[in-house]
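In: need coordinates for the following:
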Amino acid sequence: MITTVTLNASIDKAYYLEHQLSVGKVMRVKKVINSAGGKGLNVARIINLLGEKVIATGFVGGNNGNYLLELLNNDGITSSFTTVQSETRSCINVIEENFRSTEFLESGEKITDDEISQFLENFQHQIEGSEVVTISGSIPKGIKNEFYKDLIEMCNKMGKKVILDSSGISFQKGLLGKPTLVKPNKEELEAVFECDINSLTEVIKVGKKISDQGVPYVVVSLGKNGAIMIHDNRVYHARPPLVKAINTVGCGDSMVAGLAIGLEKNTDPKDCLIYAVAVGTANAMSTRTGYFDIREFEKILKNIEVTEIV
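Out: Purely as a prediction, here's the structure:
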């Protein structure tokens, strides 16, 4: 079993336009796709699609929260959320004919101390039956920056493997909890370490700074160039075949899902990376976030190139 944590869940609305986005004008939407959003819920959908058991948790509230739970149920996702007074946020992704994407992300409302305490009580029970816990995305207002660190330490004490996929200060603080695996992208590394990264060598150099802090697996996603994994003083680079990307939103989350399954099954690290990169690449070929065609995934999986960098 895998538990996914999404503290700042949302109703994600994908607006597909027939024409180029024009600022200051009325734009007609050709198609709308609503989904239960937030990085951890994208992870949960992919895990479920791949046939593994998953339970999604976090905060939900108001009419949007009820709708989010309905959407998850429609996707066949088991969930156990803590209910809050504030309304669950909405996020909009505007996708043009040429598949250029523009996102509008609400920050989310404040969570109270009582709601946080209730979540922590629920969380301890929820992860008892899970081998892996994924913690993804931003932290809502009202929650301290060290919260991910606290969750990771709770998981560690209970013998759970934990993946952290966040950014900024919550990512920095979360590292102090020593998660099993982290999955930043290049831009997130640049922000955390306040540097410019212009080559694969520099990606590896900065990634090793995290590895040296006691994180067993460091995976850095590189978009169409795949990802690298730093583990046990070895570095692997997995590259996917060239595909036609339609919607890149959720590709990183899809990778996290693949990595979580790999950790759950104790897969060889190199094979785990190959699997995760194939999942993330397949997601880019779908109009739906957190979804892919299994047949396309299987084709991609056979054509991943992986090398060890020494």
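In: against Asn48, how distant is Ala257?
Out: Applying C-beta to C-beta, to the nearest Å, the value for Ala257 to Asn48 is 9 Å. For every residue, glycine as well, the C-beta is placed using N, CA and C.
In: number of residues surrounding the closest residue to Glu52 other than its chain neighbours?
Out: Closest residue in space to Glu52, ignoring its immediate chain neighbours: Ile261 at 5.5 Å, by C-beta to C-beta, 6 or more residues apart in numbering. Residues lying near Ile261 (other C-beta atoms under 10 Å) number 22.
In: for Ile261, give me the pLDDT.
Out: With respect to pLDDT, Ile261 has a value of 97.
In: hang on, the earlier thing: which of Ala257 and Asn48 has more neighbours?
Out: Neighbours were counted for Ala257 and for Asn48 using other C-beta under 10 Å; Ala257 has more, 32 against 21.
In: confirm for me that that one is in contact with Leu41.
Out: No: taking contacts as C-beta atoms under 8 Å, Ala257 lies outside contact range of Leu41: 10.8 Å.
In: find the centremost residue of the protein, please.
Out: Residue closest to the average C-alpha location in the chain (C-alpha atoms, centre = their mean): Asp253, at 3.0 Å.
In: which strand or helix spans that residue?
Out: Using DSSP states H and E, Asp253 maps to helix 251-264.
In: His231 versus Gln20, what's the distance?
Out: 44 Å.
In: looking at these two, which one has more neighbours?
Out: With neighbours defined as other C-beta under 10 Å, Gln20 and His231 compare such that His231 has more, 18 against 10.
In: quick one: that one and Tyr217 touch, right?
Out: Yes: contact criterion C-beta under 8 Å: His231 and Tyr217 qualify, at 5.0 Å.
In: residues that sit against both of the two, list them.
Out: Common neighbours of His231 and Tyr217, using C-beta atoms under 8 Å, 6 or more residues apart in numbering, are Pro269.
In: so the helix or strand following the helix holding Asp253 versus helix 251-264, what angle?
Out: As assigned by DSSP H and E, the chain's next helix or strand after helix 251-264 is helix 269-284. Helix 269-284 runs at 150 degrees relative to helix 251-264, counting by axes from the mean of the first three to the mean of the last three C-alpha atoms, to 10 degrees.
In: so what does the helix or strand that comes right after helix 269-284 touch, helix or strand wise?
Out: Helices and strands here follow DSSP H and E; after helix 269-284, the next one along the chain is helix 294-301. Here helix 294-301 touches helix 269-284, going by 3 or more C-beta pairs under 8 Å, 6 or more residues apart in numbering; DSSP states H and E.
In: return the distance of the helix it packs on from the chain's centre.
Out: A distance of 13 Å separates the centroid of the chain from that of helix 269-284, by C-alpha atoms, centre = their mean, to the nearest Å.
In: would you mark the buried spots in that helix?
Out: In terms of neighbour count (16 or more other C-beta atoms under 10 Å), helix 269-284 has its buried residues at 269-270, 272-284.
In: now stretch 33-46
Out: Residues Ser35, Ala36, Gly37, Gly38, Lys39, Gly40, Leu41, Asn42, Val43, Ala44, Arg45, Ile46 are the ones in stretch 33-46 that count as buried (16+ other C-beta under 10 Å).
In: same deal with stretch 150-162?
Out: For stretch 150-162, by 16+ other C-beta under 10 Å, it's Asp150, Leu151, Ile152, Glu153, Met154, Cys155, Lys160, Lys161, Val162.
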